[in-house]
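Asker: This is a predicted model, with the sequence first.
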Amino acid sequence: MTLLHQQLLYIAALAATLLSADALNIIGSSGDTTSHKPITNNQSRRNFVHQFGLVAAASSMPTMAANAVDAQFKEVGQQERPPEGESPFSTLPNGVQIKDFRQGSGSTVQNGSRVELTMKGRLLNLNGVIFYDTKSNDPNGFGEGTPLQFTVGDKSVLPGLESGLIGMSRGGIRRIIVPAEVGYGAFPSLEPQPLTDVERRALDSVVKNPRRDQTVMFDCKVERLK
């Protein structure tokens with residue numbers, strides 16, 4: 001049953017309840033129909049329209065909330081005026097978009113650097129569903145996870161992610177938006193790969209469907225850099 005069908009059934013049920021309440025009002029709690037001023041048909045219709053409007057507005061709130069989530073991820077990297085004075089995304093020549101949330105310190109990531117990252121990957125086409133999380137790689141069971149380790153330029157990681165990391169320092173946090181051309185659309189077998197069955201199904205639902213936007217977003221923190 002779709003959300004729309006559920007909402008319509010919900011409205012119908014509440015409307016019936018409201019009509020019953022109007023009838024009880026007319027009769028009165030004692031059953032004495034002469035002790036209350038009669039309510040005209042026009043008044044009943046007006047009351048019902050008012051109450052039905054409130055019910056319809058309330059039932060539409062889940063859909064409005066879902067649309068708000070949709071808009072949040074649809075506009076990532078596209079804001080003309082970043083909220084609360086935040087800096088906008090910068091776009092690299094290959095189409096990758098980056099935005100720093102925390103500046104690190106020390107040497108910067110360059111081609112040939114050995115890096116360790118804690119990170120999450122999200123599918124923008126699915127409203128930000130997580131398809132990769134280094135905390136999912138937790139062999140000790142302490143919830144700390146295992147960082148993703150690789151050498152920049154060794155061609156083991158998505159080229160769009162690599163280019164987005166250039167210039168970061170240890171302790172830095174950056175959001176990187178990777179389009180399909182330098183991401184999973186062109187390099188579906190490269191790292192990072194999902195670590196759980198749930199994450200795998202989420203990524204496959206986008207990568208294996210050419211009709212879907214395969215743009216992904218990574219939130220990365222550089223833990224170590226050599």
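Answerer: Looks like it came in fine.
Asker: The residue lying closest to E144 once chain neighbours are set aside in helix, strand or coil?
Answerer: Of all residues not flanking E144 in the chain, D138 sits nearest, at 6.7 Å (CB to CB, 6 or more residues apart in numbering). No exception for glycine: its C-beta is placed from N, CA and C like everyone else's. Using DSSP: H, G, I helix; E, B strand; the rest coil, the structure places D138 in coil.
Asker: backbone phi and psi for D138, please?
Answerer: With angles defined as degrees, to the nearest 10, D138 sits at phi -130, psi 70.
Asker: Need the nearest residue in space to T196, chain neighbours excluded.
Answerer: Of all residues beyond its chain neighbours, the one nearest T196 is S136 (5.2 Å), with distances taken as CB to CB, 6+ apart.
Asker: One more: P147?
Answerer: E116 (4.1 Å).
Asker: what residues are up against that neighbour?
Answerer: Shown in contact with E116 (CB atoms under 8 Å, 6 or more residues apart in numbering): 147-149, 222-225.
Asker: For L225, give the beta-bridge partners.
Answerer: V115 (DSSP bridges).
Asker: Quick one: residues contacting it.
Answerer: L225 neighbours (CB under 8 Å, 6+ apart): 106-107, 109, 113-116, 169-170.
Asker: And for G183?
Answerer: Taking CB under 8 Å, 6+ apart as the criterion, G183 is in contact with 158, 160-161, 214-216.
Asker: Please report how far it lies from D213.
Answerer: For G183, the distance to D213 (CB to CB, to the nearest Å) stands at 11 Å.
Asker: repeat for F142
Answerer: 36 Å.
Asker: ditto for T196
Answerer: 23 Å.
Asker: got it, and K226?
Answerer: With CB to CB as the criterion, K226 and D213 are 35 Å apart.
Asker: So these two - more neighbours on which side?
Answerer: D213 (15 against 10; other CB atoms under 10 Å).
Asker: Filter the contacts of E116 down to the buried ones, ChimeraX style.
Answerer: Buried subset of the contacts of E116, written as a ChimeraX selection, criterion 16 or more other CB atoms under 10 Å:
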select :147,148,222,223,225
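Asker: Tell me where this protein has strands.
Answerer: Secondary structure of the chain, counting by DSSP state E: strands at 90-91, 97-102, 105-108, 114-123, 129-133, 148-151, 169-170, 173-178, 216-225.
Asker: Go through these and name the closest to N209.
Answerer: Closest to N209 of those is strand 114-123 (CB to CB; 11.2 Å).
Asker: tell me which residues in stretch 103-121 are buried?
Answerer: Buried residues in stretch 103-121 (16+ other CB under 10 Å): 104, 108-109, 113, 115-121.
Asker: Likewise for stretch 169-185?
Answerer: Buried-residue list, stretch 169-185, by 16+ other CB under 10 Å: 170, 172-180, 182-185.
Asker: Mind checking the pLDDT average for it?
Answerer: Averaged over stretch 169-185, pLDDT sits at 97.
Asker: Then stretch 89-106?
Answerer: 96.
Asker: In that stretch, which residues are buried?
Answerer: 89, 95-99, 104.
Asker: same question, stretch 137-153
Answerer: 145, 147-148, 150, 152.
Asker: need those residues in a markdown table with distance to N127 and pLDDT, can you?
Answerer: Formatted as a markdown table, the buried residues of stretch 137-153 follow (distance: CB to CB, whole Å; pLDDT from 0 to 100):
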| residue | distance to N127 | pLDDT |
| --- | --- | --- |
| G145 | 24 | 86 |
| P147 | 27 | 94 |
| L148 | 24 | 96 |
| F150 | 28 | 97 |
| V152 | 30 | 97 |
